[in-house]
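prediction below, plus the sequence it came from.
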Amino acid sequence: NEPTVVTQGFHSPSVIVDRFEKDPARRYKLVGSQFHNGADGKVDRERTGYYTACSPDGIHWSEPRQIVQGWWDTVTMAQNPRTGEILVYHKRQTPWRGFGSCRLVYLTKSSDFEHWSEPELVFAPDEDDNQGWIDRPDQRMEIYNFSVLPHAGGFLAFPTMFHVTGMIGNPVKDQAAADGYVDVQLATSADGVHWSRTPGRRTIIPLGRPGSFDGGTILGVSNSALTTDDETMMYYTAMTTSHSGVVPEKKFSIGRATWRRHGWVSLAAKGRGSFTTVPLTLATSEMTVNFRTLSPNGSVRLTVRDVSNAGRTVATGATLKGDGTRRSITWVQGIRPPVGESVTLHFELDRAEVYAVEGIGKIEKRGGKMEIAEKIAASHKILWRDTWYGFPRTVFEFEGHTAWVVEPKAGTVRDGLTFTITFDDAKMKDAPAYRGAFLVRTPDGFSRAVTLYSTAEWSQPLHCEREGDVAVYAKPEEAKTDAEGFSV
């Protein structure tokens with residue numbers, strides 16, 4: 001089909017599909033920038049800014065709504081897959097490290113796409129970025145774009161790094177004043193706000209050879225990745241010339257970067273080495289490892305250690321050799337790691353490198369019974385699995401809403417754990433009370449039924465003194481209330 005212009009008026013549009021959104025007309029969300037001149041020919045700072053729009057189909061969009069005033073240019077959007085919070089990373093040119101104007105990355109956040117936090121600086125160049133290529137005091141590193149990809153319980157960023165090599169004294173029409181080349185690095189974050197840089201500031205998408213489609217500049221990277229069993233791919237915007245290039249030499253195109261599956265980085269040992277993960281709560285004992293041995297005699301070995309028992313080894317995987325992106329772990333003597341308990345994964349490497357470890361399959365059956373989460377997965381869409389106060393949690397779609405269950409196998413509930421349930425009076429309709437909305441079963445064998453009223457907020461600490469099963473249920477005696485009327 002002929003292409004359809006769907007984002008007219010936006011510069012650098014970024015789009016996501018919001019799977020938390022309940023309104024079909026707002027399922028697709030867009031952020032972009034708009035530049036406006038005033039009647040005097042100068043920049044209209046009130047109208048210029050970053051704008052959002054919504055769409056039911058990704059084609060027909062609502063009227064733009066300004067969220068950041070006075071700044072414009074590149075912008076990207078991401079969503080926290082656990083909370084649904086929208087993260088908008090946008091460029092500002094402000095004073096930095098002695099330069100009057102430097103491209104930096106700011107972040108504004110929203111839980112409803114209507115109300116936005118005050119923008120804060122989250123990513124900027126430092127002295128290490130200037131090492132090895134600067135030979136004049138007017139040269140510097142700036143951040144051109146900042147695409148963020150939720151991944152493996154955290155976030156990856158692909159900042160495009162602008163090596164400013166000089167300024168054009170008398171730029172011609174449509175020529176940028178700042179010249180230099182732009183390539184791509186990698187950054188990591190647990191929360192999307194605080195970022196760590198890779199050692200040596202290595203380039204993760206390098207420029208092509210001079211004169212090629214991406215030989216001069218990589219302006220931006222997509223905010224999503226395509227992953228198969230063997231490969232991970234991302235698209236990017238490329239330019240044939242440096243930043244201040246002019247047409248007809250300057251040409252734009254779209255490129256594709258390809259790595260082995262989740263192969264952006266690895267932990268490698270040229271000889272023998274080891275590493276241990278932070279404490280994790282496993283939802284399954286079935287695992288695959290993405291690894292490669294660096295010699296015919298190289299190997300990788302995984303052991304699982306119990307955090308609560310002085311790091312005692314509770315399961316050992318068979319030795320891995322060769323090269324595999326999803327090699328299944330075979331557990332020695334059939335002894336599998338415990339599900340639902342705090343463990344660490346310890347890897348021993350001999351001339352090998354490890355890229356990733358993944359859990360596969362459904363939550364395990366215990367005691368011959370089908371777990372609640374497994375029953376849910378048979379008839380509902382699982383949004384994600386994570387931990388809640390150290391216990392496995394399954395989050396799923398339920399009648400157009402987001403619901404979750406917690407299924408601890410065993411453990412101690414920390415003293416002071418508090419459940420807080422808040423009602424929205426406007427949504428409670430004619431039901432004055434929601435009796436037995438939550439039932440908490442504690443290790444002493446007693447259960448606590450909670451009666452909640454729409455006119456009050458209830459909060460109560462839960463105390464447990466020994467290990468045992470703890471379960472939380474949401475099951476009202478009379479389901480008269482709108483399901484949106486309460487939150488936990």
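Ah, there it is. All figures in this text were calculated on a predicted structure; none of them were measured in a lab.

mind listing the strands for the stretch 301-450 of the chain?
With DSSP state E, counting those that start in this stretch, the ranges of strands along the stretch 301-450 of the chain come out as 312-316, 323-328, 342-359, 382-388, 391-398, 401-406, 417-423, 433-441, 447-453.

beta partners for Thr293?
Ala352 (DSSP bridges).

isn't it up against Arg351?
Yes - counting by Cβ atoms under 8 Å, Thr293 does reach Arg351; the two are 6.3 Å apart. Where C-beta positions appear, they are placed from N, C-alpha and C, glycine not excepted.

wait, Asp323 sits on Arg292?
Yes - Asp323 lies in contact with Arg292 (Cβ under 8 Å); the separation is 4.5 Å.

the more surrounded of those two?
Arg292 (19 against 15; other Cβ atoms under 10 Å).

got a list of what the more buried one touches?
Ser266, Gly322, Asp323, Gly324, Ala352, Glu353, Tyr355 (Cβ atoms under 8 Å, 6 or more residues apart in numbering).

report the two of the residues you listed separated the most.
Ser266 and Gly322 (15.2 Å; Cβ to Cβ).

ok, which stretches of this structure are helices?
372-379 (DSSP state H).

how about low-confidence regions in it?
For the chain, applying pLDDT under 70 flags the ranges 1-8, 361-375, 377-378, 386-392, 407-488.

go with 50
362-370, 409-415, 432-437, 443, 445, 453-458, 460-488 (pLDDT under 50).

among the contacts of Arg292, which one lies nearest to Asp179?
Ser266 (34.9 Å).

against His380, how distant is Lys180?
Small correction: residue 180 is Gly, not Lys. 51 Å (Cβ to Cβ, to the nearest Å).

more neighbours: which of the two?
Neighbours around Gly180 and His380, counted as other Cβ under 10 Å, are more numerous at Gly180. The numbers are 23 against 14.

quickly list what the more buried one is bridged to.
Val164.

OK, contacts around it?
With Cβ under 8 Å, 6+ apart, Gly180 has these contacts: Gln139, Phe162, His163, Val164, Thr165, Gly166, Ser242, His243, Ser244.

what's the closest of those residues to Val278?
Using Cβ to Cβ, those come closest to Val278 at Phe162, 33.8 Å.

I'd say the closest one and Val182 touch.
Yes - using Cβ under 8 Å, Phe162 makes contact with Val182 at a distance of 4.9 Å.

intersection of neighbour lists for these two?
Joint contacts of Phe162 and Val182 (Cβ under 8 Å, 6+ apart) are Tyr144, His243.

any idea what the residue nearest in space to the middle of the chain is bridged to?
For the chain, the residue nearest the mean C-alpha position is Pro150 (1.9 Å; Cα atoms, centre = their mean). For Pro150, the beta-bridge partners are Phe155 (DSSP bridges).

quick one: it and Val354, what's the gap?
In terms of Cβ to Cβ, Pro150 sits 22 Å off from Val354.

do the same with Met239
In terms of Cβ to Cβ, Met239 sits 35 Å off from Val354.

likewise for Lys42?
56 Å.

try Trp133
Distance from Trp133 to Val354, by Cβ to Cβ: 31 Å.

next: Ile59.
43 Å.

neighbour count for those two, which is higher?
Comparing Ile59 with Val354 by other Cβ under 10 Å, the one with more neighbours is Val354, at 19 against 11.

got the contact list for the residue nearest to that one when sequence neighbours are not counted?
Residue nearest to Val354 in three dimensions, not counting chain neighbours: Phe291, with 4.8 Å by Cβ to Cβ, 6 or more residues apart in numbering. Contacts for Phe291 (Cβ under 8 Å, 6+ apart) come out as Val300, Leu320, Asp323, Gly324, Arg327, Ala352, Glu353, Val354, Tyr355.

so the fourth one touches Gly263, yeah?
Read it as Gly324. No - here Gly324 does not reach Gly263: they are 12.0 Å apart, not a contact under Cβ under 8 Å.

for the stretch 1-150 of the chain, just list every one of the strands.
Going by DSSP E, counting those that start in this stretch, the stretch 1-150 of the chain shows strands at 11-17, 28-34, 49-55, 65-69, 75-79, 86-96, 99-110, 120-123, 140-151.

surely Gly322 and Pro296 touch.
No - if you go by Cβ under 8 Å, Gly322 and Pro296 don't touch, sitting 9.3 Å apart.

quick one, which of these two is more surrounded?
Ranked by neighbour count (other Cβ under 10 Å), Gly322 and Pro296 place Gly322 first, with 13 against 8.

please name the bridge partners of the closest residue in space to Lys381 that isn't next to it in sequence.
Residue nearest to Lys381 in three dimensions, not counting chain neighbours: Glu397, with 4.5 Å by Cβ to Cβ, 6+ apart. Beta-bridge pairing of Glu397 under DSSP bridges involves Thr402.

let me see the contact set for Glu397.
His380, Lys381, Leu383, Ala403.

hang on, the last one packs against Phe396?
Yes - under the contact definition of Cβ under 8 Å, Ala403 touches Phe396, with a separation of 6.0 Å.

out of those two, which sits in the busier spot?
Ranked by neighbour count (other Cβ under 10 Å), Ala403 and Phe396 place Phe396 first, with 19 against 16.

for that one, what are its contacts?
Contacts of Phe396 by Cβ under 8 Å, 6+ apart are Ile376, Ala377, His380, Lys381, Ile382, Leu383, Thr402, Ala403, Trp404, Val405.

could you do Arg26 as well?
Arg26 neighbours (Cβ under 8 Å, 6+ apart): Asp18, Cys54, Ser55, Pro56, Phe113.

which one of those residues sits closest to Gly70?
When these are compared against Gly70 (criterion: Cβ to Cβ), the nearest one is Phe113, at 20.7 Å.

the closest one reaches Lys29, doesn't it?
Yes - using Cβ under 8 Å as the test, Phe113 is close enough to Lys29 to be in contact (6.1 Å).
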